[in-house]
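In: Give me coordinates for this.
(one chain, ligands or ions: 2)
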Amino acid sequence: PAPDPAQVRAALQETFGFSGFRGVQDQVVERVLNGHSTLAVMPTGAGKSLTYQLPAVLLEGTCVVVSPLIALMHDQLRSARANGIRAATLTSADADWRETLDAFRAGQLDLLYIAPERASQPAFRDLLASSRIALFAIDEAHCVSEWGHDFRPDYRLLRPLLDAFPHVPRLALTATADHHTRQDILAQLGIAEDGLIVAGFDRPNIRYAIRPRDSIARQLKGVIDENPGPGIIYAPTRARVEQLAETLAAQTGRRVLPYHAGLAPEVRARNQAAFVASEDMVMVATVAFGMGIDKPDVRFVAHAGIPKSIEGYYQETGRAGRDGDPSVAVMFWGADDFARARMRLAEVDEARQQSERQRLEALARLIETADCRRAVLLRHFGESPPARCGNCDTCLEPVDVIDATTLARKLLSAVYRTGQT
Ligand code: ADP
Ligand code: MG
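Out: Ligands and ions are numbered 1, 2, ... in the order given. The predicted structure follows:
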């Protein structure tokens, strides 16, 4: 029998120190505790981890969590253990796998984090069969879909494993899934359509603005000067990151550090730690920065060029204002961004081209719109928002935007033309 609501509340308070659920968390947890497979689509920062960690604590047996990145797993491991949850990872980077296996077999683990490729190993399936599994949690579940923005073929290896344990409920979690991708995740992971729970995507405290790029260092300096709190600037290449970090450090008097995958791991770790601890630092970064970083007081996110897709835009801007306080998201775009995106599009294989192009077109529509940015963004995620939010550039300064839109339309027409070939 499922734990009663009083037990659930007690565990929420005692293990996690939270006085209540947020958003759809309680709906997701209730389904899972009653053994129903579920796909929960919840924005970044909405608290997806809790929806499997709490059942993992309450249910008999272990919750097996699939996660795409070792770094993410280790972050999760640290925070779970800090709450006193019995958790372990089983990855190639772990030296203590023997202890992990012993604890797992003895039923002494609440959570076991694995990478998707582990799922195809017969020895792993045998291991699961000889243990008690309470739940399969599939984090970043959009990775299973070719429609998703981050397809990982390894995620396709999961289905046979899941099917080998038909009575164990499945909980798939993602922050970014449009209608197509959601349906595909449900189908790929064998979850019934009525198992879909979608949280609201609106982030009302974020003020959106999108502007044509002219002199980017000057424009970014303006954003930094207007926003004294911590901020992230996304730049498209490592070279741009280095260059902008140097220029902006010299011109703004703020602490500005770079972050990209080409830096030595210890430099990256140091810069990230400095940012997380700071109340006024600016991080100039590639998209390598952000996943799994828990900093609630980021006051601005600026894009020095376009993100890869509208999903990427939502995810990256979503790192601003997780504490609910007013924050801004400013994107500076140029026609050359779209030229580069088109070149990249030509390189991907046929199967992905259509979905990638649609994502790029959705981003182009967001850029060129004279309608409310928030409304366009939320409609992309299947919501029916009010026509005007009053907290984006097109709502606040409609005149300027009409000029920008004329320019945008001209420059972006090339994107649509590619779509027709
Ligand atoms: P997601 O995976 O959806 O991006 P996380 O699971 O990392 O989000 O949670 C984001 C933050 O929200 C974490 O700091 C977490 O401790 C916090 N959080 C989650 N649920 C609650 C809750 N019910 N009350 C307060 N804080 C919560
Ligand atoms: Mg998460």
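In: if I look at residue 357, how far off is ligand 1?
Out: Distance of residue 357 to ligand 1, given as CB to the nearest ligand atom, to the nearest Å: 28 Å. Yep, even glycine has a C-beta here, placed from its N, CA and C like the rest.
In: Residue 10 now?
Out: Using CB to the nearest ligand atom, residue 10 is found at 14 Å from ligand 1.
In: and if you look at residue 279?
Out: Going from residue 279 to ligand 1 by CB to the nearest ligand atom gives 18 Å.
In: interface residues of the stretch 251-400 of the chain facing ligand 1?
Out: residue 294 (CB under 6 Å from any ligand atom).
In: how deep is the residue in the stretch 251-400 of the chain that ligand 1 sits nearest to tucked in, by neighbour count?
Out: The stretch 251-400 of the chain approaches ligand 1 most closely through residue 294 (5.1 Å), counting by CB to the nearest ligand atom. Applying other CB atoms under 10 Å, we find 9 residues neighbouring residue 294.
In: Pick out the residue of the protein closest to ligand 1.
Out: residue 47 (2.8 Å).
In: any low-confidence regions in this structure?
Out: 399-421 (pLDDT under 70).
In: ok, 50 please
Out: Low-confidence segments of the chain (pLDDT under 50): 419-421.
In: that older thread, host element of the residue of the stretch 251-400 of the chain closest to ligand 1?
Out: Secondary structure assignment for residue 294, by DSSP states H and E: no helix or strand.
In: show me what contacts residue 258?
Out: 241, 242, 245, 271, 283, 284, 285 (CB atoms under 8 Å, 6 or more residues apart in numbering).
In: any idea how far residue 214 is from the closest residue to the fourth one other than its chain neighbours?
Out: By that I understand residue 271. Among residues not flanking residue 271 along the chain, residue 257 sits closest, at 4.5 Å (CB to CB, 6 or more residues apart in numbering). The spacing between residue 257 and residue 214, counted by CB to CB, to the nearest Å, is 25 Å.
In: Check residue 114 too.
Out: Distance, residue 114 to residue 214, by CB to CB: 48 Å.
In: of the two, who's got more company?
Out: Using other CB under 10 Å as the criterion, residue 114 and residue 214 rank with residue 114 on top: 21 against 9.
In: who's in contact with the more buried one?
Out: Residue 114 neighbours (CB under 8 Å, 6+ apart): 64, 65, 66, 67, 89, 90, 91, 124.
In: rerun that using 10 Å as the cut-off
Out: Each residue near residue 114 by CB atoms under 10 Å, 6 or more residues apart in numbering is listed here: 64-67, 73, 88-91, 121, 124, 128, 158, 161.
In: can you tell me which of those residues are in helices?
Out: Using DSSP state H, the members of the contacts of residue 114 that fall in helices are 73, 124, 128, 158, 161.
In: Tell me how many other residues surround the first one.
Out: Right, residue 73. So residue 73, with other CB under 10 Å, has 25 neighbours.
In: Nearest spatial neighbour of it, chain-adjacent residues omitted?
Out: residue 113 (4.3 Å).
In: in the sheet, who's paired with the one you found?
Out: Note on residue 113: beta-bridge partners by DSSP bridges are residue 65, residue 89.
In: burial of it, as a residue count?
Out: Residue 113: 26 neighbours (other CB under 10 Å).
In: residues in contact with it?
Out: Counted by CB under 10 Å, 6+ apart, residue 113 has contacts 63-67, 70, 72-74, 76-77, 80, 87-91, 94, 100, 137, 139.
In: Filter those down to the buried ones, PyMOL style.
Out: To isolate the buried ones among the contacts of residue 113 in PyMOL, judged by 16 or more other CB atoms under 10 Å, type:
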select buried, resi 63+64+65+66+67+73+74+76+77+80+87+88+89+90+91+94+100+137+139
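In: just the strands in the stretch 151-300 of the chain please.
Out: Applying DSSP state E, counting those that start in this stretch to the stretch 151-300 of the chain gives strands spanning 170-174, 196-198, 206-212, 231-234, 256-259, 282-285, 300-303.
In: So which bits of the longest one are buried?
Out: Counting neighbours by 16+ other CB under 10 Å, one finds that the buried residues in strand 206-212 are 206, 207, 208, 209, 210.
In: Next up, phi/psi of the residue lying closest to residue 168 once chain neighbours are set aside, please.
Out: The shortest distance from residue 168 to any residue other than its chain neighbours is 5.0 Å, reached at residue 133 (CB to CB, 6+ apart). Here is the backbone geometry of residue 133 (degrees, to the nearest 10): phi -100, psi 130.
In: Identify the residues contacting residue 173.
Out: Residues counted as contacts of residue 173 (CB under 10 Å, 6+ apart) are 28, 38-42, 46, 48-49, 51-52, 65-67, 137-142, 185.
In: at 7 Å what do you get?
Out: Residue 173 makes contact with 40, 48, 51, 137, 138, 139, 141 under the criterion CB atoms under 7 Å, 6 or more residues apart in numbering.
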